[in-house]
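S.K.: Sequence isn't available, so here's the structure alone:
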């Protein structure tokens, strides 16, 4: 599970957990007592949810020492991952609206330029941590980084012994737009920039395949 890195961890939060998060988001650190009042449930129920949310990285626990001889108390606050979790609940509306606005302002050419900039920026995020000697080694290293960030991704050999990257989860799914399909270029260009070789998309979930797959292209134009 990723930490405070600007990514939403691949974790399922219960309805009770989401209720606790909503009570904390945008507020100063709160006590268990205030959460009990806000949620209208027992101390045991609140404590159980808090422990799970802290472990998942959605809530941070700090200790406040009071003056005198009183016992210290725990305070709880929502993390950045909690904010991203709430954002994820409406990104299927917000993100396409943003891309439509870009298209309206600059047309398809501007959309493609933005996508290319996004792909290069993402490649720069991964490239410093990828140092394999061959494109295949770098592809495996990138798979490991994507997996650490919560992506459902794996690298397997096909029947010819060549490496295939299976992108089973798609961070750009809500950004897909049927007319231009421009967002599908982000993954392909990003992976190509990181592994240092052209990459071909060999299947796509938007064409009815279970997931998107990518293979490295050799100098003779064949996958390798």
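M.R.: Done, it's in. A quick note: this is a predicted structure, and the numbers were derived from the prediction, not measured.

S.K.: which residue ranges form the helices in the protein?
M.R.: 15-24, 32-39, 43-56, 80-88, 91-126, 135-148, 184-195 (DSSP state H).

S.K.: Can you tell me which of those is nearest to residue 168?
M.R.: When the helices of the chain are ranked by proximity to residue 168, the top entry is helix 135-148, at 10.4 Å, counting by C-beta to C-beta. C-betas here are computed from N, CA, C, even on glycine.

S.K.: Quick check: buried residues in that closest one?
M.R.: Residues of helix 135-148 classed as buried under the neighbour-count rule (16 or more other C-beta atoms under 10 Å) are 135-136, 138-143, 146.

S.K.: So which of these sits lowest on pLDDT?
M.R.: On pLDDT alone, residue 146 ranks lowest of the buried residues of helix 135-148, at 88.

S.K.: Please look at it and residue 153 and confirm they touch.
M.R.: Yes. Under the contact definition of C-beta atoms under 8 Å, residue 146 touches residue 153, with a separation of 4.6 Å.

S.K.: Quick one: neighbours of residue 66, just the number.
M.R.: As a burial measure, residue 66 scores 9 neighbours (other C-beta atoms under 10 Å).

S.K.: swap in residue 190?
M.R.: By other C-beta under 10 Å, the residues close to residue 190 number 23.

S.K.: Just list the residues touching it, thanks.
M.R.: Counting by C-beta atoms under 8 Å, 6 or more residues apart in numbering, residue 190 touches 119-120, 122-123, 126.

S.K.: try it again with 7 Å
M.R.: 119, 122-123 (C-beta atoms under 7 Å, 6 or more residues apart in numbering).

S.K.: circling back to that earlier point, in terms of mean pLDDT, which of the helices of the chain ranks lowest?
M.R.: Confidence, taken as mean pLDDT, is least for helix 80-88 of these (a mean of 78).

S.K.: Measure how that one sits relative to helix 15-24, angle-wise.
M.R.: Relative orientation of helix 80-88 with respect to helix 15-24: 110 degrees, computed using axes from the mean of the first three to the mean of the last three C-alpha atoms, to 10 degrees.
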